[in-house]
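Chemist: just the structure for this:
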Amino acid sequence: MKAKSLSFLAISFGAVYILSSLPFAVAKAATVPSPAKEGLELSLLAPNAAVKNGVITASNISQKQLTIPSIWWAKEQFGGKLLDNWLAYPTKGSRTARIDLIVNRQIWSLLDYVERYEFVNNFGNVARDYGYNVRVFNYQQELLATYTCNFKVQPRLCGIANLESLGKASVRGSKTIP
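Modeler: So this is what the prediction gives:
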């Protein structure tokens, strides 16, 4: 009888262990989604452009309540002269909310990989807190980087992609040590 009790106890503890690790296993199996494929809508930044489908820009601040997402403070903290403008698209149907940042091409080209990563990561963290993904463009509509999250799992899985590491601002290694 004692052996059966011990076996039952071992099986019970094993089942509890497996069941308690399920959320971690599910989160681990989840992936970060691809960034949105829609193009950058620069026409929404034109003076007197009509607000379209709830899109928020740097120039249409609500006078009555906090505008969500609130990117203005993040721009002051992390954007400096690099961030020229932005568009925030709320969730619509199956489309995840996103913020398209438009950066100054010349300043972006002067940044090294780590500085670019820091910029994208800082804005990505702010956007994630509002439930938004981020794409970074220049005015030539070139996609420079993305910060995308899977908001369907906890903890949220996020990743930075498309961040170029080549060219003048690359992180390079050397085959020989001088």
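
Chemist: buried stuff in stretch 95-107?
Modeler: For stretch 95-107, burial by neighbour count (16 or more other CB atoms under 10 Å) applies to 96-104. Yep, even glycine has a C-beta here, placed from its N, CA and C like the rest.

Chemist: dump those to CSV, plus secondary structure and pLDDT.
Modeler: Converted to CSV, the buried residues of stretch 95-107 look like this (DSSP: H, G, I helix; E, B strand; the rest coil; pLDDT from 0 to 100):
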residue, secondary structure, pLDDT
Thr96, coil, 85
Ala97, coil, 90
Arg98, strand, 92
Ile99, strand, 92
Asp100, strand, 94
Leu101, strand, 94
Ile102, strand, 94
Val103, strand, 94
Asn104, coil, 93
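
Chemist: go through the residues you listed and say which is closest to Phe123.
Modeler: Leu101 (6.2 Å; CB to CB).

Chemist: my read is that the closest one contacts Phe137, right?
Modeler: Yes - here Leu101 reaches Phe137: they are 7.0 Å apart, a contact under CB atoms under 8 Å.

Chemist: just flag the most distant two among the buried residues of stretch 95-107.
Modeler: Thr96 and Asn104 (26.6 Å).

Chemist: so who does Asn133 touch?
Modeler: 35-36, 96-99, 124, 127, 146-149 (CB atoms under 8 Å, 6 or more residues apart in numbering).

Chemist: who is it paired with across the strands?
Modeler: As for beta bridges, Asn133 partners with Arg98 under DSSP bridges.

Chemist: what are the phi and psi values for Leu144?
Modeler: When read as degrees, to the nearest 10, the backbone of Leu144 gives phi -100, psi -30.

Chemist: and if you look at Gly93?
Modeler: Torsion angles, degrees, to the nearest 10, at Gly93: phi 60, psi -120.

Chemist: one more: Arg105?
Modeler: phi -60, psi -40.

Chemist: now Glu38
Modeler: Dihedral angles (degrees, to the nearest 10) for Glu38: phi -60, psi 150.

Chemist: do the same with Leu45
Modeler: When read as degrees, to the nearest 10, the backbone of Leu45 gives phi -90, psi 0.

Chemist: would you map the strands across this protein?
Modeler: Secondary structure of the chain (DSSP state E): strands located at 56-57, 83-89, 98-103, 133-138, 143-150, 157-161.
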